[in-house]
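A.B. asks: kindly generate the corresponding structure for this input.
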Amino acid sequence: MNKKLIKYLDDNKIKYELMEHRVVYTAYDVAATMHVKLGEIAKSLLIKFNKPFEDGKKPYALAVVGADKNIDLKKLAKVVSDWAVKLNKELRMKKPEKGKKPVVDIYNKVAKVDLPKEKDMKDKFKVPAGAMSAFGSFYKLPVFVDKGFAKKEKAIFAAGSFTESVKMPVGSFVKMEKAMSGVFAVPKKAKKNIKKNKKK
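C.D. replies: Numbers count the residues shown, from 1 in each chain. This is a model prediction of the structure:
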């Protein structure tokens with residue numbers, strides 16, 4: 001496992017359980033291997049904005065939901081924009097340090113949220129597709145977590161490896177990552193089996 005991640009968790013005095021398992025590439029595989037429900041798995045996705053959420057930063061972030069849910073990108077864009085307004089308001093209320101100008105409006109509303117190509121993950125973050133951990137601070141990325149998932153007691157998070165995961169309290173993850181919450185998870189649609197009529 002990434003030694004930096006272990007140190008990060010230990011430094012933050014987080015109670016966690018390192019879980020070793022066979023090679024898995026999807027949340028379904030993790031759930032099947034660990035014999036847990038999909039909702040207990042944190043699905044973390046790299047997302048891309050039409051502009052950086054914070055001035056001077058990359059236009060990327062991590063979005064976290066339960067693996068039994070999908071992400072509604074339009075709802076997520078609203079959540080991100082609402083947080084930009086909130087954080088800018090908090091900055092305006094802060095008194096600037098002596099001799100320094102006040103820092104205001106460094107957070108940006110976003111009009112669009114996309115799922116970037118796997119190539120972005122490899123080129124921008126030097127991470128193989130599917131091996132990105134849920135810990136955005138490792139990549140200097142903001143983290144957005146679905147409010148419903150944030151209420152869960154514990155979950156299994158990607159640790160940046162195909163053979164290891166981390167089980168820990170969701171509250172600790174949110175606090176440690178300074179994750180911003182909002183409602184953007186939606187139920188997964190059941191796949192319909194459509195039978196084509198054979199031409200006679």
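
A.B. asks: ranges for the helices of the chain?
C.D. replies: 3-11, 27-34, 73-93, 118-125, 147-150, 170-177 (DSSP state H).

A.B. asks: quick one, which of those gets closest to E20.
C.D. replies: Taking CB to CB, helix 27-34 is the member of the helices of the chain nearest to E20, at 10.3 Å. Bear in mind the C-beta positions are built from the backbone N, C-alpha and C, glycine included.

A.B. asks: which residue sits closest to V36 in space, ignoring its chain neighbours?
C.D. replies: Ranked by CB to CB, 6 or more residues apart in numbering and with sequence neighbours excluded, the top spatial neighbour of V36 is I156, at 6.9 Å.

A.B. asks: for that neighbour, which residues are in contact?
C.D. replies: M19, V30, M34, V36, E40, I41, A42, S165, V166, K167 (CB atoms under 8 Å, 6 or more residues apart in numbering).

A.B. asks: which of those sit farthest apart?
C.D. replies: Pairwise distances across the contacts of I156 peak at 13.6 Å for V36 and V166 (criterion: CB to CB).

A.B. asks: these two: which is more packed in?
C.D. replies: V166 (25 against 15; other CB atoms under 10 Å).

A.B. asks: my guess is the more buried one meets L18, correct?
C.D. replies: Yes - if you go by CB atoms under 8 Å, V166 and L18 touch, sitting 6.2 Å apart.

A.B. asks: overlap in contacts of these two?
C.D. replies: Common neighbours of V166 and L18 (criterion: CB under 8 Å, 6+ apart): A159.

A.B. asks: let me have the helices of the chain in JSON lines, extended by distance to A111 and mean neighbour count.
C.D. replies: JSON lines is the format used below for the helices of the chain (distance: least, CB to CB, whole Å; neighbours: other CB atoms under 10 Å):
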{"stretch": "helix 3-11", "distance to A111": "33", "mean neighbour count": "13"}
{"stretch": "helix 27-34", "distance to A111": "29", "mean neighbour count": "16"}
{"stretch": "helix 73-93", "distance to A111": "7", "mean neighbour count": "16"}
{"stretch": "helix 118-125", "distance to A111": "19", "mean neighbour count": "14"}
{"stretch": "helix 147-150", "distance to A111": "22", "mean neighbour count": "17"}
{"stretch": "helix 170-177", "distance to A111": "25", "mean neighbour count": "18"}
